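Novice: Just to be clear, the model below is a prediction. Sequence and coordinates:
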Amino acid sequence: MSAEFNKEIDAAFQSAYHAAKGGDDKWRAVMESYGAEPLTDGLKQELLNSEMKIAKGAFPIELRRVYLKIAEKHPNEAKNFNMDAKVLEYYQKIKPFSGLGDIFQNASTGTQKYSQGLQKAKHSTMKCKNCGAPRLEEMQYDNCMFCGSELFEKA
Ligand SMILES: [Zn+2]
């Protein structure tokens, strides 16, 4: 991988990481500079209220969108770039630190809506293989809403 490619990947990572929770104007400007499409405000709100908690930083899927643009610029270097792994690494860094407490909290504070959702989707709930986000049943999409990883194997 070329130095230039790595530099851009790292710079985007740092910008996303230092952004306010859910992204801010500075991060938006980075996205715009790459021509990457930000999440809509509605979708951001939905993600902020989802069980995929973040403590800070832009959403992983937005970082992925910037990475895709960087990869387009450097197609040769991008061949050896593990997109899912890098996005997951980013997610691990913006997750709230709670250690074991996380598990108990998730078990006890499950909102009514969440358990209703589980009932409804008992046999069809699927989780993202990369970040573990559940696929929202009420919406149609093929890529994880949270990290952007493909949810279905391509035929
Ligand atoms: Zn995901």
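Specialist: Arrived safely, thanks for sending.

Novice: what residues does this protein put near the ion?
Specialist: When proximity is defined as CB under 5 Å from the ion, the chain approaches the ion at Cys128, Asn130, Cys131, Ala133, Cys144, Phe146, Cys147, Ser149. C-beta here means a position set from N, CA and C on the backbone, and glycine is covered the same way.

Novice: Now that we have the residues you listed, can you turn them into CSV and tack on secondary structure?
Specialist: Output for the residues of the chain next to the ion, formatted as CSV (DSSP: H, G, I helix; E, B strand; the rest coil):
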residue, secondary structure
Cys128, coil
Asn130, coil
Cys131, coil
Ala133, coil
Cys144, coil
Phe146, coil
Cys147, coil
Ser149, coil
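
Novice: so which of those residues would you say is closest to Ala20?
Specialist: For the residues of the chain next to the ion, the closest approach to Ala20 (CB to CB) belongs to Phe146, at 17.6 Å.

Novice: if I look at the closest one, how far off is Phe5?
Specialist: Applying CB to CB, to the nearest Å, the value for Phe146 to Phe5 is 25 Å.

Novice: Of these two, which one has the most company?
Specialist: A count of neighbours by other CB atoms under 10 Å puts Phe146 above the other of Phe146 and Phe5, at 24 against 18.

Novice: Surely the more buried one and Pro60 touch.
Specialist: Yes - the pair Phe146 / Pro60 is scored as a contact, 6.2 Å apart, by CB atoms under 8 Å.

Novice: buried subset of the residues of the chain next to the ion?
Specialist: Cys128, Asn130, Cys131, Ala133, Cys144, Phe146, Cys147, Ser149 (16 or more other CB atoms under 10 Å).

Novice: top helix in this structure by residue count?
Specialist: If you go by DSSP state H, the chain has its longest helix at helix 3-18.

Novice: Okay, buried residues for it please.
Specialist: Along helix 3-18, these residues count as buried under the neighbour rule (16+ other CB under 10 Å): Phe5, Glu8, Ile9, Ala12, Phe13, Ser15, Ala16.
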